[in-house]
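> Need coordinates for the below:
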Amino acid sequence: KMDDSVDDTSAMDDEQSESDTSDEDSDDEMTAVDEETIARLEDALSSNPYHYDGHVSLIASMRRGLERPEMLLRIRQARQRMRKLFPLSEQLWLQWIGDEMLNSEDKEMIKSLFEAAVSDYLSVRVWLEYCKYTIASMAEGVANLDDVRSLFERALMSCGLHVRQGSELWDAYREFEMTVLDSVNEVAEEHKDVESQVGRVAQIFKRQLAVPLVGMETTLNDFTKWADEHNVTVSDYTQGYKKALSALEKCMEYEEKLKAAESPRLEQYKEYIEFEISSGDPARVQCVYERAIAENCLQSSLWMEYTHYLDTKLKIKEVALTAHRRAVRNCPWISQLWNNLIRAMERNVVDHDSVKETLDEALQCGFGSANDYISLWSAYIDFQWRRRDKLDMGEIAISRMRETFQKAIDHMQQLYGQRGDHNCSLKRHWAALEAAHFDNMAKARELWEEVMSEGHRREVDMWLEYAELERRCGSAVQTRKLLHEAVVRGSDDPQKAFDALLKFEREEGTLSQWESAWERCQAKMKQLAEQQSKAEAVQEKKEVRSKRDDEERKKRRK
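Numbering: from 1, shown residues only. Coordinates of the predicted model:
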C-alpha cells in the first residue's frame with residue numbers, strides 16, 4: 001500500500017508539474033500577445049500622437065502587465081506622453097495615481113500627480129482622494145496638520161459649492177477635525193485648546209450649513225446632536241441655514257433635470273448656468289460652468305462662453321488665464337480660443353516672451369483653414385503693436401513689427417501660396433502701419449502695389465482703400481492718380497469709383513480737375529454702355545439662333 005501511495009503521490013506531482021508548465025506557457029503566450037499589442041499601439045501613436053483613444057488603449061494594455069517591475073516605468077512614460085498632449089479624465093487620473101501608490105514610494109511624485117489631476121477638471125472624487133492621501137501622510141511625517149487643512153480649504157474652494165456632491169468634501173473635512181478634537185481631548189493640558197478645536201468644528205458646520213447642498217437637513221441634525229454633546233449653542237451657527245435651504249429648493253429644479261438627462265447634458269447645463277448668472281453669484285456660476293466643462297470638454301463654444309464670463313465678470317487674473325490655457329489644451333484645433341488666450345495674456349500684462357511661445361505652440365496645431373492662421377497672426381500682431389512703447393516708436397520696435405509681418409506672410413505663403421491670404425489682409429494692415437505710424441509711405445506704396453498685382457486690380461474697394469491711405473498719409477497727386485486708376489480698371493462696381501473720384505475733386509481739386517474727372521467718368525460710362533450693348537446684341541443673336549435651331553429640329557421631327 002505504501003508503494004501504491006508513493007505511486008499516487010508521484011502521479012499527482014507529475015500532473016501538478018504538467019499543470020504548472022501549462023500555466024507558465026499560457027502566461028508566456030499572454031505576455032507575447034500583450035507585447036505585440038503594445039508594440040502595435042506604440043507604432044500607431046508614433047505616427048499619430050494626437051490619437052486620444054490610442055493612448056487609452058496603450059495604457060490599458062500595459063496595466064495588464066503591472067506585476068512586472070519594468071512595466072511601471074513604461075506605463076508611467078506612456079501616461080506622461082498622453083498628459084503632455086491631453087488633459088486626463090477623472091478615471092484616468094485615479095488609475096494612474098492608484099497604480100503609483102501601490103508600486104512607488106515617491107511621495108513627492110504622487111503629490112505632483114494629484115496637483116496635476118485637480119487642475120484638469122472639477123472632480124470631487126479626486127479632491128477627496130488627495131485629502132485622504134495627505135491625511136495618511138501625516139503618520140509618516142510627510143504632511144502636517146496645516147497641510148491637511150490648507151488642502152481641504154482648496155478643495156472646498158474648487159468643489160464646495162457643488163450642489164449634489166459638495167457635502168462629501170465638507171463631511172470629510174468635519175470628520176478630520178473631529179478626529180483632531182478627540183486627540184486634543186486626550187492630550188490637551190489646557191481647556192482652551194479643547195475649546196479652540198470645538199470652535200473650529202463648529203465653524204465648519206456653520207459654513208457648510210450656509211451653502212445650498214443636497215443633504216442639508218441631515219447636516220443640521222448632525223450638528224444639533226454634536227452641539228448638544230459639546231455645549232454649543234445651535235442658533236449661533238445656523239443663521240445662514242434658511243437662506244441656503246431656500247436657494248437649494250431653486251437649484252433642485254435644475255439638478256433634477258441633470259439627473260434625468262444622459263451625459264453630456266449640455267442643454268441642461270446651459271439652463272442651469274443662465275439661472276446662476278441671473279442669481280448673481282460668480283462663484284456659483286463658475287462651479288456650474290466647471291461641472292459642464294467636465295462633461296463637455298470638447299465643446300469650444302462652451303469654453304468661449306466660460307472664459308468670456310471670467311474675463312468680464314470675475315476678473316481674477318490667474319483664474320481667467322488658467323481657464324484660457326485649459327480651453328486651448330482641450331480644443332487645440334480652434335484658433336479663436338488661441339486668439340482669446342493671447343488677448344487674455346495681453347489684458348493681464350503677461351510678458352512678451354510668454355505670448356510669443358503661445359503663438360509658436362498654436363502654429364503647430366494644424367488648423368482647418370487659412371483664415372484660422374490669419375486670425376491667429378493678426379491677434380499676435382495686434383498684441384505686439386499695442387505693447388509697443390507708446391512714448392517712443394523707435395527703430396527697434398518698428399523693425400520687430402516688420403519682421404513679424406514678414407514672418408506671417410511667409411508662413412501663409414508656405415502653407416497655402418497666394419490663395420491663403422487671398423484678400424492680402426496682412427499686407428494691407430502692414431501698409432497702414434507703415435504709412436500712419438512708421439513714416440514710410442514708400443514702403444506702404446510698395447506693399448499696396450504687391451496687393452494690386454495679386455489679382456485685385458479690377459476690385460474697386462481695393463483701389464479706394466489704397467487711395468484713402470494715400471489721402472491720409474501721402475499726397476493729393478498720388479490720391480488723384482489712384483482714383484483715376486479705380487475708374488479705368490475697376491469693373492466690379494464702377495459707379496462707386498465714379499462717386500469717389502468726383503467727391504475727391506469737389507473737396508480737393510480745381511474746377512478744371514473736377515471737369516477732367518467728370519469727363520473721364522462719362523467716357524468710362526459710355527465705354528461700359530457700349531460694352532453692355534455689344535454683350536446684349538451677342539446674347540440676342542445667340543437666342544435667335546437657338547430659337548431657329550429649335551424650330552428646325554421640330555420640323556425635322558414632323
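
> Low-confidence bits of the chain, can you list those?
Low-confidence segments of the chain, defined by pLDDT under 70: 1-33, 188-190, 389-393, 558.

> Mind listing what's buried along the helix or strand containing residue 259?
Taking DSSP states H and E as the criterion, residue 259 maps to helix 241-260. By neighbour count on 16 or more other CB atoms under 10 Å, the buried set for helix 241-260 is 241, 244, 247, 248, 251, 254, 255, 258. C-betas here are computed from N, CA, C, even on glycine.

> contacting residues for the fourth one?
In other words, residue 248. 163, 212, 213, 214, 216 (CB atoms under 8 Å, 6 or more residues apart in numbering).

> Apply the buried test to these and list what passes.
Among those, those scoring as buried are 163, 212, 213, 214, 216 (criterion: 16+ other CB under 10 Å).

> ok, the second one to residue 76 distance?
To tie it back to what came earlier, the one meant is residue 212. As defined by CB to CB, to the nearest Å, residue 212 lies at a distance of 41 Å from residue 76.

> my read: residue 498 touches residue 524, true?
Yes: counting by CB atoms under 8 Å, residue 498 touches residue 524, with 7.3 Å between them.

> So which of these two has more stuff around it?
residue 498 (22 against 18; other CB atoms under 10 Å).

> wait, what's in contact with the more buried one?
487, 521, 524, 525.

> Okay, and which of the contacts of residue 248 map to strands?
Using DSSP state E, no member of the contacts of residue 248 sits in strands.

> Using CSV, lay out the residues you listed together with distance to residue 119.
Listed next are these as CSV, based on distance: CB to CB, whole Å:
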residue, distance to residue 119
163, 23
212, 26
213, 24
214, 26
216, 30
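
> with those in mind, which one is nearest to residue 195?
residue 216 (26.8 Å; CB to CB).

> Kindly provide the distance from that closest one to residue 160.
Computed as CB to CB, the residue 216 to residue 160 distance reads 13 Å.

> How about residue 176?
15 Å.

> Neighbour count: the two, which is higher?
residue 160 (24 against 20).

> thinking that one is in contact with residue 212, fair?
No: when contacts are counted by CB under 8 Å, residue 160 is not listed as touching residue 212 (11.2 Å).

> Now do the same contact list for residue 341.
Counting by CB under 8 Å, 6+ apart, residue 341 touches 324, 325, 327, 328, 358.

> now swap in residue 288 and tell me
269, 272, 273, 276.

> Please give the element, helix or strand, for it.
In the assignment (DSSP H and E), residue 288 maps to helix 282-295.

> Stretch 362-376: how far from the chain's middle?
Put simply, stretch 362-376 sits 15 Å off its chain's centre (CA atoms, centre = their mean, to the nearest Å).

> What distance do you get for the closest residue to residue 87 other than its chain neighbours to residue 56?
Excluding the flanking residues, the one nearest residue 87 by CB to CB, 6 or more residues apart in numbering is residue 120, at 4.1 Å. Using CB to CB, residue 120 is found at 15 Å from residue 56.

> One more: residue 224?
Using CB to CB, one gets 48 Å for the distance from residue 224 to residue 56.

> what about those two, which has more around it?
The residue with more neighbours, out of residue 224 and residue 56, is residue 56; 17 against 13, by other CB under 10 Å.

> returning to what we had before: identify each buried residue in the helix holding residue 288, please.
282, 284-295.

> Give the next helix or strand downstream of that helix.
Next along from helix 282-295, by DSSP H and E: helix 300-309.

> That following helix packs against which elements?
Contact partners of helix 300-309 among helices and strands, from 3 or more CB pairs under 8 Å, 6 or more residues apart in numbering; DSSP states H and E: helix 266-279, helix 282-295, helix 317-330, helix 335-347.

> tell me the angle the shortest one makes with helix 300-309.
On the basis of axes from the mean of the first three to the mean of the last three CA atoms, to 10 degrees, helix 335-347 is oriented at 10 degrees to helix 300-309.

> Quick check: buried residues in helix 335-347?
Within helix 335-347, the residues scored as buried using 16+ other CB under 10 Å are 335, 336, 337, 338, 339, 340, 341, 342, 343, 344, 345, 346.

> Can I get it as PDB, trimmed to CA atoms?
Taking Å, rounded to 0.1, in the frame of the first residue of the first chain, the C-alpha atoms of helix 335-347 are listed here in PDB:
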ATOM      1  CA  SER A 335      -8.000  79.200 -33.500                       C
ATOM      2  CA  GLN A 336     -10.400  81.500 -31.800                       C
ATOM      3  CA  LEU A 337      -9.500  80.000 -28.400                       C
ATOM      4  CA  TRP A 338      -5.900  80.700 -29.100                       C
ATOM      5  CA  ASN A 339      -6.700  84.300 -30.100                       C
ATOM      6  CA  ASN A 340      -8.700  84.700 -26.900                       C
ATOM      7  CA  LEU A 341      -5.700  83.300 -24.900                       C
ATOM      8  CA  ILE A 342      -3.400  85.800 -26.500                       C
ATOM      9  CA  ARG A 343      -5.700  88.700 -25.700                       C
ATOM     10  CA  ALA A 344      -6.200  87.500 -22.100                       C
ATOM     11  CA  MET A 345      -2.400  87.400 -21.700                       C
ATOM     12  CA  GLU A 346      -2.200  90.900 -23.000                       C
ATOM     13  CA  ARG A 347      -5.100  92.000 -20.700                       C
END
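
> would JSON lines of the helices and strands packed on helix 300-309 with distance to residue 410 be doable?
Listed next are the helices and strands packed on helix 300-309 as JSON lines, based on distance: least, CB to CB, whole Å:
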{"stretch": "helix 266-279", "distance to residue 410": "41"}
{"stretch": "helix 282-295", "distance to residue 410": "37"}
{"stretch": "helix 317-330", "distance to residue 410": "24"}
{"stretch": "helix 335-347", "distance to residue 410": "19"}
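
> Closest to residue 363 out of the buried ones among the contacts of residue 248?
residue 163 (41.5 Å).

> Please list all residues in contact with the closest one.
By CB under 8 Å, 6+ apart, residue 163 lies in contact with 212, 213, 214, 248, 251, 252, 255.

> Equivalent analysis for residue 320, please.
307, 310, 311, 314, 344, 348 are the contacts of residue 320 under CB under 8 Å, 6+ apart.

> Need the residues you listed in CSV (columns: distance to residue 434).
Formatted as CSV, the contacts of residue 320 follow (distance: CB to CB, whole Å):
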residue, distance to residue 434
307, 34
310, 37
311, 32
314, 40
344, 29
348, 30
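
> Out of those, flag the one nearest to residue 556.
Once CB to CB is applied, the member of the contacts of residue 320 that ends up nearest residue 556 is residue 307, at 72.5 Å.

> Give me the residue at the spatial middle of the chain.
Here the mean C-alpha position of the chain is nearest to the C-alpha of residue 327 (CA atoms, centre = their mean), at a distance of 1.4 Å.
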